[in-house]
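In: Could you look at this predicted model? Sequence included:
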Amino acid sequence: MENNRDFDLIIWGATGFTGDLVCEYISKNYEYNELKWAIGGRNQNKLLKLQKKLKIDDSRIIIADSFDKESLTKMAKRSKVICTTVGPYAKYGTYLVEACVEAKTNYCDITGETQWIRRIIDKYHSTAKEKRIKIVNSCGFDSVPSDMGVYHSQKKVFEKTGKYAQMINMRVAGAKGGISGGTYNSLSNVLEEARVDKDVRKTLANPYGLNPKGKQFGPDKPDLRKVIFDKVSNSWIGPFVMAGINTKIVRRSHALIDFKYGSDFSYDEATIAGKGISGKIKGYMSLIPIFLATRKKGSLLKNIVDFILPKSGEGPSEKTRINGYYNLRFYLTTDDTIYVSKVIGDMDPGYGSTSKMLAESAVCLALDKLPETYGILTPSVALGNSLLKRLQENAGLTFVFD
């Protein structure tokens, strides 16, 4: 990539709920002489308000439009990295990826839209690889803690035993936080696409739906959809709403590193509900919000949920973000021994922590010496040890291996 770019990083969608949090984080943690960064969006008035809050000069405001390919390409050519928070990505993201590939500009996002990632893999992976650029999806709560959790856990178990775990079961031991309108809209869009497009349904149903063609195999079954007793965690468990994207990102990572953990490596995710009858009841209660959120567009239940949940641009309060947290446990099976590792986040997963993870992923792409991997990538494959270090030192994540 040319070194004569105007900026190291442009934050696209800077005036949105998450984009604003990313800008605030970058502004507080990086001096401009260390990281040359700018803000981008389509609404000049909103950008000027953000400019005033951030106290940055006019030269660091970029105007473009998600549906104007020429404006996006012009923007991409000015920066080493584009970091985007503008979703649903299936609606607003494709031209930007294409612009970054054409401009030889690295890219990162926070999409959890499996069907869209599959599309851009099929359209742009080969070209991005040839041009030696990194297009990195899912750099937020979906799916950095899962992807980097497996990366860290396998490193540690190999150091201890000389072997990789044949199976990892991730269990959400606890989480607290709010939801934004953007996340809910993205989820709704995925479900609507699945209702009308059998190829989307096929991708979502296939546990290996994001693996490269010819490498979509393994022992894993579809994600858990019911409440069962789990011998690994000795607890009742239920579905984890992010498992649909997280498990596929982890499996894509494994395929991209040529099945380093073995062709029979297995990975799944679920939420711990607790022990005894109270745990079982709690597990069934956790199915209710998933049921409501996945109702058909236009139905009475869906309309009620749409009315209650935040609209686009809205999200949890600062107090909710600060008081949030998450605790993920990874049970690693190696031969007959089970090891446990943890990923703990210090803020609400969807926004407080996600904004920090995305920001550090972007800075990592802009400034760090990274693995020689290119194409449509996952966080662990694209960023490796550099991101692991940044997450622990700067982003409030703790990685523990017992």
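Out: Thanks, I have it. Numbering: from 1, shown residues only.

In: From here on, just use CA atoms for contacts and neighbour counts.
Out: OK.

In: Show me what counts as buried in stretch 123-139.
Out: 124-125, 127-129, 131-139 (16 or more other CA atoms under 10 Å).

In: Okay, and the residue of the chain most remote from its centre sits in which element?
Out: What lies farthest from the middle of the chain is residue 277; by CA atoms, centre = their mean that is 34.0 Å. Taking DSSP states H and E as the definition, residue 277 sits inside helix 276-285.

In: quick one: average pLDDT of whatever helix or strand comes next after that helix?
Out: Once the chain leaves helix 276-285, the next helix or strand it forms, by DSSP H and E, is helix 287-293. The predicted model assigns helix 287-293 a mean pLDDT of 73.

In: Can you show me the CA trace of helix 287-293 as PDB?
Out: Provided in PDB are the C-alpha atoms of helix 287-293 (Å, rounded to 0.1, in the frame of the first residue of the first chain):
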ATOM      1  CA  LEU A 287     -36.000 -18.500  24.600                       C
ATOM      2  CA  ILE A 288     -38.800 -15.800  24.800                       C
ATOM      3  CA  PRO A 289     -36.800 -12.800  23.500                       C
ATOM      4  CA  ILE A 290     -35.300 -14.900  20.700                       C
ATOM      5  CA  PHE A 291     -38.800 -16.100  19.800                       C
ATOM      6  CA  LEU A 292     -40.200 -12.500  19.800                       C
ATOM      7  CA  ALA A 293     -37.300 -11.000  17.800                       C
END
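
In: helices or strands up against it?
Out: When contacts are defined as 3 or more CA pairs under 8 Å, 6 or more residues apart in numbering; DSSP states H and E, helix 287-293 packs onto helix 300-308.

In: before we move on, the earlier item: same for the helix holding residue 277, what does it pack against?
Out: Judged by 3+ CA pairs under 8 Å, 6+ apart, helix 276-285 is in contact with strand 235-238, strand 266-274.

In: all strands for the stretch 1-150 of the chain, in order.
Out: Residue ranges of the strands in the stretch 1-150 of the chain, as given by DSSP state E, counting those that start in this stretch, are 7-12, 37-41, 61-63, 79-84, 106-108, 134-136.

In: Partner strands of the third one and their direction?
Out: Taking DSSP bridges as the criterion, strand 61-63 sits next to strand 37-41 (parallel) in its sheet.

In: who touches the nearest residue to residue 330 once chain neighbours are set aside in this structure?
Out: Leaving aside its sequence neighbours, residue 330 sits nearest to residue 170 (CA to CA, 6 or more residues apart in numbering; 4.4 Å). The neighbourhood of residue 170, defined by CA atoms under 8 Å, 6 or more residues apart in numbering, consists of 146, 267, 268, 269, 270, 328, 329, 330, 331.

In: go with 7 Å
Out: Shown in contact with residue 170 (CA atoms under 7 Å, 6 or more residues apart in numbering): 268, 269, 270, 328, 329, 330, 331.

In: which of those lies closest to residue 348?
Out: residue 328 (13.1 Å; CA to CA).

In: measure residue 263 to residue 340 for me?
Out: Using CA to CA, to the nearest Å, residue 263 is found at 22 Å from residue 340.

In: Please flag which of the buried residues of stretch 123-139 sit within helices.
Out: 124, 125, 127, 128, 129 (DSSP state H).

In: now those residues as CSV including distance to residue 14?
Out: CSV is the format used below for these (distance: CA to CA, whole Å):
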residue, distance to residue 14
124, 25
125, 26
127, 28
128, 25
129, 28
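
In: circling back: reformat the strands of the stretch 1-150 of the chain into JSON lines and put mean pLDDT and distance to residue 162 next to each item.
Out: As requested, those are exported to JSON lines (pLDDT from 0 to 100; distance: least, CA to CA, whole Å):
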{"stretch": "strand 7-12", "mean pLDDT": "98", "distance to residue 162": "39"}
{"stretch": "strand 37-41", "mean pLDDT": "97", "distance to residue 162": "42"}
{"stretch": "strand 61-63", "mean pLDDT": "97", "distance to residue 162": "50"}
{"stretch": "strand 79-84", "mean pLDDT": "98", "distance to residue 162": "37"}
{"stretch": "strand 106-108", "mean pLDDT": "98", "distance to residue 162": "33"}
{"stretch": "strand 134-136", "mean pLDDT": "98", "distance to residue 162": "30"}
